[in-house]
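> Sharing a model prediction with you, sequence too.
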Amino acid sequence: MKTKSIQVTISVLLLIGFFYFIDTNEMFSVISHSDKSSFFLACIFSVCGNIACAFRWTKILSCESKKKFWKTIKAYFESISFSTVLPVGMLGGDLYRSVRLSSRNSSGEIASEFKPSKQVMLSVLTDRVHGLWALCLLAVLTIFYSTIFESNMFIANEVYLAQNTFVLLYFSLLFIVVVAPFFSSKIRIFVSKSATELTAVNPLLIRSKKKITVFVSVLSQLFFAVSFFLCLKATNMNISVYQCFIIVPIIFLSAAAPLSLAGFGPREYSSAFILSFIGYELENGVASSILFGLTITLQGIGYLLINLIFSYKDR
């Protein structure tokens, strides 16, 4: 209970902090006059992204039967409601689906030589890492494509971002994350070969490298990136899709901060910093980030209502 109060307080304080840096009247005006059709499409792409993420988790967890498959899907969407409607953040949602699925499979429904709870918790961690990797891969591929075919994409308001130290460092981190899985076999250098944790992780790593898992993971992040791009367009930000795809990793990662309410606060600060850094209006950047956060929150509320309706019918 104390942790929840801290999360709510920090998120509120972070959002209130914008009152001293931006014109809040202008920001709310941008939100109220945003393009509703673009926002609606952003919601659709966000839903598709979560569906793909849920499917990726089933592949990592290796749900062979239909029963396990649908229970995993349901647990994933319940966690979205848990993390967006309640003040627990993304980590709270991940903990919820770990405990929820483990408790449902306490009889050993998930075939594994390890305890179901350990296998599920490791799969959730692997799922998150896989999502970050796919997001960085999307950004790296965009960088390669834009470097070859869009030579002027780094120019915004006469700022040459390609020559900026911060941008070069950011690009380097993206490349490191992308190439990291190719060195996964070196994990044994840091962990004892006889460690149970390593033995438990190996099957997850193998399933994570399957083509279908990689494809669905990249597809999910593509959906989320397009959703964020549509939110930017809804606030009349003249940003290219290439720039959007490159900056989304750092913005989405900021939203995963544990002491935040559904990502609100850290995501807005990150969006404000990155978008203003490349020459866009501060108020529009924050408004776009809030709209994107609403696409997730609305899903959480929707899933919660659906669960309540079905739970009522089952009585």
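Sure, I can see it.
> Show me what counts as buried in the helix or strand hosting Ser46.
Secondary structure from DSSP states H and E places Ser46 in helix 36-61. Within helix 36-61, the residues that qualify as buried by neighbour count (16 or more other Cβ atoms under 10 Å) are 38-39, 41-43, 45-61. (C-beta placed from N, C-alpha, C; glycine too.)
> residues in contact with Phe28?
With contact taken as Cβ atoms under 8 Å, 6 or more residues apart in numbering, Phe28 is in contact with Ala287.
> out of everything not next to it in sequence, what's closest to the residue nearest in space to the middle of the chain?
When Cα atoms, centre = their mean is applied to the chain, the residue found nearest the centroid is Phe252 (5.4 Å). With sequence-adjacent residues excluded and distances taken as Cβ to Cβ, 6 or more residues apart in numbering, Phe252 is closest to Leu135, at 6.3 Å.
> burial of that neighbour, as a residue count?
Look at Leu135: counted by other Cβ atoms under 10 Å, it has 27 neighbours.
> name the helices or strands packed onto the one helix or strand it maps to?
Secondary-structure assignment from DSSP H and E places Leu135 in helix 116-149. Contacts defined by 3 or more Cβ pairs under 8 Å, 6 or more residues apart in numbering; DSSP states H and E place helix 116-149 against helix 36-61, helix 89-104, helix 165-179, helix 196-208, helix 211-234, helix 241-255.
> per-residue confidence averaged over the third one?
Think helix 165-179. The average pLDDT for helix 165-179 rounds to 84.
> Just the pLDDT for Glu158.
39.
> Could you do Ile31 as well?
Ile31 is assigned 84 on the pLDDT scale.
> shouldn't it be in contact with Ser289?
No. No contact is recorded between Ile31 and Ser289 when judged using Cβ atoms under 8 Å, the distance being 10.6 Å.
> what about these two, which has more around it?
Between Ile31 and Ser289, counted using other Cβ under 10 Å, the more crowded position is Ser289 (29 against 19).
> Now do the same contact list for the more buried one.
For Ser289, the contact set (Cβ under 8 Å, 6+ apart) comprises 231, 251, 267-268, 270-272.
> go with 7 Å
Taking Cβ atoms under 7 Å, 6 or more residues apart in numbering as the criterion, Ser289 is in contact with 267-268, 271.
> So which elements touch the helix or strand containing Phe77?
Element membership of Phe77, judged by DSSP H and E, is helix 66-85. In terms of contact count using 3 or more Cβ pairs under 7 Å, 6 or more residues apart in numbering; DSSP states H and E, helix 66-85 is assigned the packing partners helix 36-61, helix 89-104, helix 282-314.
> Could you say which one of those helices comes nearest to Phe149?
helix 36-61 (23.7 Å; Cβ to Cβ).
> quick check: angle from that closest one to helix 66-85?
An angle of 130 degrees separates the directions of helix 36-61 and helix 66-85 when computed by axes from the mean of the first three to the mean of the last three Cα atoms, to 10 degrees.
> Give me the mean pLDDT for helix 36-61.
Here the mean pLDDT over helix 36-61 is 93, rounded to a whole number.
> Please apply the same query to stretch 281-293.
Taken as a whole, stretch 281-293 has an average pLDDT of 85.
> Any idea how far that stretch is from the middle of the chain?
Its chain's C-alpha centre lies 17 Å from the corresponding centre of stretch 281-293 when counted by Cα atoms, centre = their mean, to the nearest Å.
> Pull out the buried positions in it.
Judged by neighbour count using 16+ other Cβ under 10 Å, the buried positions of stretch 281-293 are 281-293.
> Would you mind extracting the C-alpha trace of it into PDB?
Coordinates of the C-alpha atoms in stretch 281-293 are reproduced here as PDB (Å, rounded to 0.1, in the frame of the first residue of the first chain):
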ATOM      1  CA  GLU A 281       7.200  22.300 -29.900                       C
ATOM      2  CA  LEU A 282       7.400  21.300 -26.200                       C
ATOM      3  CA  GLU A 283       3.700  21.400 -25.700                       C
ATOM      4  CA  ASN A 284       2.900  19.300 -28.700                       C
ATOM      5  CA  GLY A 285       5.400  16.700 -27.700                       C
ATOM      6  CA  VAL A 286       4.000  16.300 -24.200                       C
ATOM      7  CA  ALA A 287       0.400  16.300 -25.600                       C
ATOM      8  CA  SER A 288       1.400  13.500 -28.000                       C
ATOM      9  CA  SER A 289       2.900  11.400 -25.200                       C
ATOM     10  CA  ILE A 290      -0.200  11.800 -23.100                       C
ATOM     11  CA  LEU A 291      -2.400  10.700 -26.000                       C
ATOM     12  CA  PHE A 292      -0.200   7.600 -26.400                       C
ATOM     13  CA  GLY A 293      -0.500   6.900 -22.700                       C
END
